[in-house]
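Participant: test case, fold it:
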Amino acid sequence: MDKYVLMALIATLGTWLLTALGAGAVVFFKSPRPELLNLLLGFASGVMIAASFWSLLQPAIERAEIHSRMPAYLVVTIGFLLGAIFMWGSDKIVTRTRARLTENKEAGGSRISRIVMLILSITLHNIPEGLAVGVAFGALKNGSFSAEEISGAVTIALGIGLQNFPEGAAVSLPLRREGFSRRRSFIYGQASGMVEPVAGVLGALLVVYVEAILPYALAFAAGAMILVAVHELIPECQKNKDAKPYFSTMGIVTGFALMMLLDVMLG
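Facilitator: Sure thing, here's the model as predicted:
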């Protein structure tokens with residue numbers, strides 16, 4: 001196995017592990033502290049927004065200027081929009097599945113709907129997140145393998161891993177409230193992150209062996225991450241913030257600042 005693909009696999013196994021750790025919260029807590037979840041989600045969204053530019057879009061522009069016959073701004077714009085459209089399409093699939101399941105009100109149909117939607121929605125969102133990590137590590141083969149590039153790939157994995165922790169809890173804890181055992185709740189919760197290593201390896205393989213697709217892939221991952229951060233993470237971290245209204249906001253600012261600091265300092 002190519003070492004860059006192996007690095008992507010190890011990184012996405014790490015993000016999966018954090019999903020499992022989040023799902024493991026069902027063993028200790030009936031429900032997580034809202035302010036802690038808000039802080040983690042805010043921090044992760046800040047990291048992902050900053051990483052989308054410095055670790056994905058900026059390298060995509062540089063690679064497109066060297067390798068692409070099309071203008072770099074078109075390459076990056078196309079890739080970015082495709083990533084956002086992919087996530088939008090995933091959300092549409094979830095919405096339509098929810099509508100079909102909720103039509104069945106017999107034999108606990110609404111309960112089944114809630115359970116399936118929890119697992120399906122988190123699993124679908126993990127696909128582009130795994131791709132983003134895989135693309136970031138696969139891109140190292142065609143780069144200078146500098147400390148800046150390595151740091152960018154690692155921080156993308158870190159940001160995604162951090163937001164996977166509350167996602168794992170977001171699956172396992174509601175399942176526990178629905179009457180599932182702690183063991184089954186944990187198994188289903190961590191299973192939602194199993195697609196990330198698969199998507200990570202696929203993303204790394206694409207950019208390692210098809211160099212021309214690299215700028216598009218980097219921009220695609222950025223578009224998917226921005227949509228997840230803006231549409232999912234930021235609204236979620238703003239819920240239940242009455243007690244500590246700036247907790248989630250400072251998490252976003254801190255995550256963005258840390259990612260920016262690492263990139264500028266190592267650059």
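
Participant: every contact and neighbour count from this point should use C-alpha atoms.
Facilitator: Noted.

Participant: where in the stretch 151-267 of the chain is pLDDT low?
Facilitator: Applying pLDDT under 70 to the stretch 151-267 of the chain flags the ranges 170, 174, 177-178, 240-243, 245, 263-267.

Participant: how far off centre is stretch 158-165?
Facilitator: Computed by Cα atoms, centre = their mean, to the nearest Å, the chain-centroid distance of stretch 158-165 equals 7 Å.

Participant: contacts for it next, please.
Facilitator: With contacts defined as Cα atoms under 8 Å, 6 or more residues apart in numbering, stretch 158-165 is touched by 14-16, 18-23, 40-41, 43-45, 47-48, 129, 193.

Participant: go again with 6 Å.
Facilitator: With Cα atoms under 6 Å, 6 or more residues apart in numbering as the test, stretch 158-165 has contacts from 15, 18-19, 22, 41, 44, 47-48.

Participant: in TSV: the residues you listed, plus pLDDT and distance to residue 72.
Facilitator: Compiled in TSV, the contacts of stretch 158-165 are given as follows (pLDDT from 0 to 100; distance: Cα to Cα, whole Å):
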residue	pLDDT	distance to residue 72
15	90	31
18	89	36
19	88	36
22	84	39
41	75	32
44	74	29
47	78	25
48	78	22
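
Participant: most neighbours among those residues, which one is it?
Facilitator: Ranked by neighbour count (other Cα atoms under 10 Å), the contacts of stretch 158-165 have residue 41 at the top, with 32 neighbours.

Participant: flag the shaky bits of the stretch 1-150 of the chain, pLDDT-wise.
Facilitator: 1, 29-33, 94, 97-118, 120-121, 125, 142-146.

Participant: which one is residue 13 nearest to, not counting chain neighbours?
Facilitator: residue 197 (5.7 Å; Cα to Cα, 6 or more residues apart in numbering).

Participant: downstream of the helix or strand that contains the one you found, the next helix or strand is which one?
Facilitator: Residue 197 belongs to helix 195-209 when assigned by DSSP states H and E. Under the assignment DSSP H and E, the closest C-terminal helix or strand after helix 195-209 is helix 214-227.

Participant: how about residue 69, secondary structure?
Facilitator: coil (DSSP: H, G, I helix; E, B strand; the rest coil).

Participant: run a quick neighbour tally on it.
Facilitator: Counted with other Cα under 10 Å, residue 69 comes out at 9.

Participant: ok, back up a step: show me the contacts of stretch 158-165 that map onto helices.
Facilitator: 15, 18-19, 22, 41, 44, 47-48 (DSSP state H).

Participant: name the SS class of residue 179, please.
Facilitator: coil.

Participant: ok, it - how many residues close by?
Facilitator: For residue 179, using other Cα under 10 Å, the count is 10.

Participant: now residue 250
Facilitator: 16.

Participant: tell me the angle of the helix holding residue 197 relative to helix 214-227?
Facilitator: Angle of helix 195-209 versus helix 214-227, following axes from the mean of the first three to the mean of the last three Cα atoms, to 10 degrees, is 150 degrees.

Participant: in helix 195-209, which residues are buried?
Facilitator: Neighbour-count burial for helix 195-209, counted by 16 or more other Cα atoms under 10 Å, picks out 195-208.

Participant: can you give the contact residues for it?
Facilitator: Under the criterion Cα under 6 Å, 6+ apart, residues 5, 8-9, 12-13, 126-127, 130-131, 133-135, 138, 214 lie in contact with helix 195-209.

Participant: what's the nearest residue to residue 75 if we skip its chain neighbours?
Facilitator: That would be residue 216: by Cα to Cα, 6+ apart, it lies 6.2 Å from residue 75.
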